[in-house]
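Trainee: Need coordinates for the following:
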Amino acid sequence: MRIGQVVSFGVGGADKCALNLIKGLLSLNEDIEIYVFYNNYSHPRSDETDSNPSRFEDYKLLPVTMVEFSDVSELNNYNLDILNTHRSGNDNWFLPNFEKVNFNFKVIETNFHGYNLTKSDFRVYPSIGLTGKLQPCNIPYKVIPNPINRRVSEENLRKELGIGDKFVYGRIARPDLNIYTPLNLQAYKNIESEDNCFLYVAPNQKAIIDAKNMGLENIIFVNPTSDEEMVSKLYNTFDVLCHSNSLGETFGNTIAEAMINGKPIITHIGNSSWCQSHEELVGDYKELFITDNIIENYTKLMLKLKEDKVYYNKVSKYLKERSDTLYDYIVVSKKYYELYKELL
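Mentor: Model (predicted):
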C-alpha cells in the first residue's frame, strides 16, 4: 500500500499528529510505503516568542520519501493508493487548487475542526464532540482519536531548573494569543508558596506580562520546543498539567500527552461556540473538567491533587490506562491502517 501524507512542520496539534501517525504506520510491519508531501506553506509561521521550532528534521530521520511540491496536480505522479491530508477543512490556502484537481487516488482528510469545505472521499474527526458541530455533508466519516506519542525519557528537568522537590504545576501549549487565558495563573496565584512552582512552557508575551502583574514569583517560563525527548522531560517534571484554553479543544493533545506520561490534569470549559472535546479525555473523572466558578474550583483541585496522595495516584493511574488504551500512537495508527484497507 502506497500512502501519501500531506504535512506541516510546526508545533501545533495537526503537525504533531501527522508525525505520530506516520511513525505508528511504519511500526506496524505491514506492506506500507509512505510519501511525505509538503509545500512552502508547511513550514512554521512566526510566533510571539520569536522562536520557530520545526519538525522538518524529524521527518528526515524516518524511512519515508520526502517530496516538496508546488502544485497539487503533481501528487498524481506517485501512484498513490491513499492520500491523507491533515487540515481543518476550511484552510484552502494550505493546498491551493486541491478542490479543482481530479486525483487518481482516494483522499482521507484528518479534519481537526469540523468544517466541511474541503474535498475528500472520507473524513476522520478526532473526537465525538466535534461531530456534533458538523455542517450537513454526505461524505462518510469516522471518529479516531489523535495519535499520542509515548513517554520517551525517564529523566526530568528539576535539577537543571533548580526546583528540587517542589510540587510543580505545568502548562504546555502553543503560544498563540487567540487561545490564551490567565485562568490557570489566577488559580495558581491563590496557592503560590515556596514549596510549589508553575512551569509555563511556550508562553506568549501576554502570559509573561500577566504573571508579572499578578506578582507571581515561583514561575518559570520555557521556550517552545519540538524535541520529543525534551517534551517528555518537561512532562516528567510536572506533577500536574494545568490546561487552560480560552476557546476549548477539538481534542486536547497536551492533555492526552500528560495522561500518557502518567500525570493528572486539570482543565476547564471554554467558549460555548467552540468544541469542548477535552471533556471526553477525562472519562469517569468529570470533576477534572471544570464548568463553573472556574478559578475557585481550579484552585481547589490544584490543592487537592497536591495534598491528597491517594486521590492523586488514583487519577494518575486511571488517566494513564485510559490513554494507553485509546490514544497511544500505535493503537491509533492500526485504526487508520484498517480504514485505509476498507476504503480501498
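Trainee: Hmm, Ser277 and Gly252 touching each other?
Mentor: Yes - Gly252 lies in contact with Ser277 (Cβ atoms under 8 Å); the separation is 6.5 Å. C-beta here means a position set from N, CA and C on the backbone, and glycine is covered the same way.
Trainee: Which of these two has more residues huddled nearby?
Mentor: Gly252 (30 against 24; other Cβ atoms under 10 Å).
Trainee: Quick check: the gap between the more buried one and Leu28.
Mentor: 25 Å (Cβ to Cβ, to the nearest Å).
Trainee: Same question for Arg174.
Mentor: 30 Å.
Trainee: Likewise for Glu155?
Mentor: For Glu155, the distance to Leu28 - Cβ to Cβ - is 29 Å.
Trainee: centroid residue for the protein?
Mentor: Among the residues of the chain, Asn253 comes closest to the average C-alpha position under Cα atoms, centre = their mean, at 2.7 Å.
Trainee: what's downstream of the helix or strand containing Lys320, the next helix or strand?
Mentor: Following DSSP states H and E, one finds Lys320 within helix 309-326. Once helix 309-326 ends, the next helix or strand along the chain (criterion: DSSP H and E) is helix 329-343.
Trainee: For Arg174 and Leu28, work out which one has more neighbours and name it.
Mentor: Set Arg174 next to Leu28 and count neighbours by other Cβ under 10 Å: Arg174 wins out with 20 against 13.
Trainee: Just say helix, strand or coil for that one.
Mentor: coil (DSSP: H, G, I helix; E, B strand; the rest coil).
Trainee: what are the ranges of the helices in the stretch 101-250 of the chain?
Mentor: 128-131, 158-161, 183-189, 205-214, 228-237 (DSSP state H, counting those that start in this stretch).
Trainee: residue ranges for the strands of the stretch 151-300 of the chain, please.
Mentor: Under the criterion DSSP state E, counting those that start in this stretch, strands of the stretch 151-300 of the chain are mapped to 167-172, 196-201, 219-222, 240-242, 265-268, 289-290.
Trainee: What of the stretch 1-150 of the chain?
Mentor: 2-6, 33-38, 65-68, 82-87, 106-111, 122-125, 141-143.
Trainee: For the helix-or-strand element of the chain with minimal mean pLDDT, buried residues please.
Mentor: Lowest by mean pLDDT, DSSP states H and E among the helices and strands of the chain is helix 128-131, with a mean of 88. Using 16 or more other Cβ atoms under 10 Å as the burial criterion, the residues of helix 128-131 that qualify are 129-130.
Trainee: hmm, back to that, looking at it, the residue nearest to the centre of the chain is touching Gly13, isn't it?
Mentor: Yes - between Asn253 and Gly13 there is a contact at 4.4 Å, judged by Cβ under 8 Å.
Trainee: any shared contact partners between the two?
Mentor: Asn146 (Cβ atoms under 8 Å, 6 or more residues apart in numbering).
Trainee: Highest mean neighbour count out of the helices of the stretch 101-250 of the chain?
Mentor: Highest mean neighbour count of the helices of the stretch 101-250 of the chain: helix 183-189, a mean of 22 (counted as mean count of other Cβ atoms under 10 Å).
Trainee: if I pick Ile294, what's in contact with it?
Mentor: With contact taken as Cβ under 8 Å, 6+ apart, Ile294 is in contact with 183, 187, 268-269.
Trainee: can you tell me which two in the residues you listed are farthest apart?
Mentor: Using Cβ to Cβ, the contacts of Ile294 span at most 14.2 Å, a distance reached by Ala187 and Ile269.
Trainee: mind listing what the residue nearest to Asn236 when sequence neighbours are not counted touches?
Mentor: Sequence neighbours aside, Asn156 is the residue nearest to Asn236 in space, at 4.0 Å (criterion: Cβ to Cβ, 6 or more residues apart in numbering). By Cβ under 8 Å, 6+ apart, the contact list for Asn156 reads 233, 236-237.
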